[in-house]
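Q: Sequence first, predicted coordinates after that:
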Amino acid sequence: MDLSVSVPVTLLAVVWLWRKQAWGYLLAGALLIYGLAESIGVGVDQVFAHVEDPSSSLIGAVIFAVLTIAGAVALAAFFRHVEAKG
């Protein structure tokens, strides 16, 4: 997803979450899942780049591993605090 799409959607989710609207929770969950998947993908890409060219640094993989863990913690907290209404 391009930043020209993800930034406005994130801002919209923030506004809707602030107003406690259901669409905000839907978008926030989707964006958290997207961010987690993206950080996993970029981290794996960094590892494969290092395998192909050992002179390239693995610091990018480490950074994205930390971001993946942070994203997983945020996603777990989100799902723990979302209640079904119906």
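A: Sure thing, it's come through. The model shown is predicted, which means the values in this text are computed figures rather than measured ones.
Q: for the residue sitting furthest away from the middle of the chain, phi and psi?
A: Centroid-distance maximum for the chain: residue 55 at 28.6 Å, with Cα atoms, centre = their mean. Main-chain dihedrals, residue 55, degrees, to the nearest 10: phi -80, psi -10.
Q: OK, contacts around it?
A: By Cβ atoms under 8 Å, 6 or more residues apart in numbering, residue 55 lies in contact with nothing. Where C-beta positions appear, they are placed from N, C-alpha and C, glycine not excepted.
Q: distance of it from residue 45?
A: Note on residue 55: its distance to residue 45, by Cβ to Cβ, to the nearest Å, is 17 Å.
Q: what do you get for residue 33?
A: For residue 33, the distance to residue 45 (Cβ to Cβ) stands at 19 Å.
Q: wait, what's in contact with residue 64?
A: 39, 40, 42, 43, 46.
Q: Kindly reformat those residues as a markdown table containing distance to residue 28.
A: Converted to a markdown table, the contacts of residue 64 look like this (distance: Cβ to Cβ, whole Å):
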| residue | distance to residue 28 |
| --- | --- |
| 39 | 16 |
| 40 | 19 |
| 42 | 21 |
| 43 | 23 |
| 46 | 27 |
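Q: Many thanks, have a good one.
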